[in-house]
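pasting a predicted model and its sequence here:
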Amino acid sequence: RRGGSVGVTWDDLESAIAAGILTDAQAERLWDALGARASTRPKFDAAHVAYYAGAVIVLAAMGWLLGTAWDALGGVGMALIAGAYGVAFWRAGESLWQKGLTTPGGLLFTMSVWMVPLAIYGIQLATGLWPQGDPGSYRDYYVFVKGSWAMMEVATIAAGVLAIHRRPFPFLTFPIAFALWFMSMDLTPLLFGKDDYSWDERKWVSMWFGLAMMLAAYWADLRSRIRQDFAFWGYLFGLLAFWGGLSMMDGGSEASKFLYAVINAGLIVLSVLLRQRAFIVFGTLGVLGYLGHLSHRVFSDSVLFPVFLTMAGIGIIYLGVLYQRHSAAFARYIHTNVPEGIRDLMPPRARV
């Protein structure tokens, strides 16, 4: 008799054997398959916390915490060191990946991709090939919006896509989505051909680029044949760009503010259909912002408005409790009653 648990216990499989659902041999093979899958799935234990904590430290050290002393190395020196780091990270990742240690191996692949913008910056610094003039120190990449950073972002996206094609690891989408998010800002001066662009121009570029990022993440999510979440970072940074641009727009009329609330309510609905919590976070913030507007501007003198909001909030919490208690039945209902055409629009990972 086997002990332990991989989400389904051995007792569950023995019950299935007794009910005639599985044979002894099938149960053995299923248990082994579930155990192998669970061994490679990210967990919240000491080892995985250490993996991701170490990766974040490296990403920070080779990103926004990079000291100005590196500027003394010159463009060629920075490009060579970044390239050496990238190759070393990739080879170390390959070694771990081949041994079945996919999480630390995948994180090393991510570090390798993270070296690409630094390498491209070094090459551009050495050659003087800037789309809109010298943008300054590499640290400024994480601070200032400038069109000259665009080549670094394009190269990072291309390297990330190649890395995922070679080694499919979900966290590799992080540098791709991060570069796309920065590109949503850095494209503004390039698109308008000037450095003194207005905030309105930046808002529109951010909103439309963020929407495109979310659609691209959805397309990748829809086409994925495995149930790992490769779209999370694309959704998250796409939401940052889209929601940020949308929220900063000046809605002069009550109709435009109501439309803003409707869009955010739609994000909450999408969080359920796509099983992406980031949507409910941004959607809730937007709805709360609209309710705050109603409270301070439209119903500022109403005694009943806070009471209504309190009752509505309690009602939403109650619905959440009901959903948690009956989520399995709700999922079966959706699977059975939602038209097939709509189910086909849901990513395989989000289907029941």
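Structure received. Numbering: from 1, shown residues only.

what about the closest residue to Gln132 other than its chain neighbours, how many residues nearby?
Computed as Cβ to Cβ, 6 or more residues apart in numbering, the closest residue to Gln132 that is not its neighbour in sequence is Gly147, at 4.0 Å. C-beta here means a position set from N, CA and C on the backbone, and glycine is covered the same way. By other Cβ atoms under 10 Å, 23 other residues sit near Gly147.

against Ala231, how distant is Gly147?
Counting by Cβ to Cβ, to the nearest Å, the gap from Gly147 to Ala231 is 28 Å.

now stretch 253-261 - C-alpha only, PDB.
C-alpha atoms of stretch 253-261 as PDB (Å, rounded to 0.1, in the frame of the first residue of the first chain):
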ATOM      1  CA  SER A 253     -19.300  63.000 -18.800                       C
ATOM      2  CA  GLU A 254     -21.200  60.600 -16.600                       C
ATOM      3  CA  ALA A 255     -21.800  58.300 -19.600                       C
ATOM      4  CA  SER A 256     -18.000  57.900 -20.100                       C
ATOM      5  CA  LYS A 257     -17.500  57.200 -16.400                       C
ATOM      6  CA  PHE A 258     -20.300  54.600 -16.500                       C
ATOM      7  CA  LEU A 259     -18.700  53.000 -19.500                       C
ATOM      8  CA  TYR A 260     -15.400  52.800 -17.600                       C
ATOM      9  CA  ALA A 261     -17.300  51.000 -14.800                       C
END
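
distance from the chain centre to it, please.
Distance, stretch centre to chain centre, for stretch 253-261: 28 Å (Cα atoms, centre = their mean, to the nearest Å).

buried set for it?
Residues of stretch 253-261 classed as buried by neighbour count (16 or more other Cβ atoms under 10 Å): Lys257, Tyr260, Ala261.

ends of stretch 244-264, how far apart?
Using Cα to Cα, to the nearest Å, one end of stretch 244-264 lies 12 Å from the other.

per-residue confidence averaged over that stretch?
Stretch 244-264 carries an average pLDDT of 82.

kindly report the same for stretch 93-112.
On average, stretch 93-112 scores 89.

could you list the buried residues of it?
93-94, 96-97, 101-112.

okay, how far is it across it, tip to tip?
9 Å.

other residues contacting that stretch?
The list of residues contacting stretch 93-112 from outside it, by Cβ atoms under 8 Å, 6 or more residues apart in numbering, reads 39-40, 42, 48, 51-52, 54-55, 58-59, 62, 85-87, 89-90, 92, 163, 167, 169-172, 174-175.

and those, which of them are buried?
51, 55, 58-59, 62, 85-86, 89-90, 92, 163, 167, 169-172, 174-175.

low-confidence bits of the stretch 1-150 of the chain, can you list those?
1-13, 32-47, 64-65, 67-68 (pLDDT under 70).

skipping adjacent residues, who's closest to Asp134 in space?
Per Cβ to Cβ, 6+ apart, closest to Asp134 is Ser148, 7.2 Å.

give me the neighbour count for the one you found.
20.
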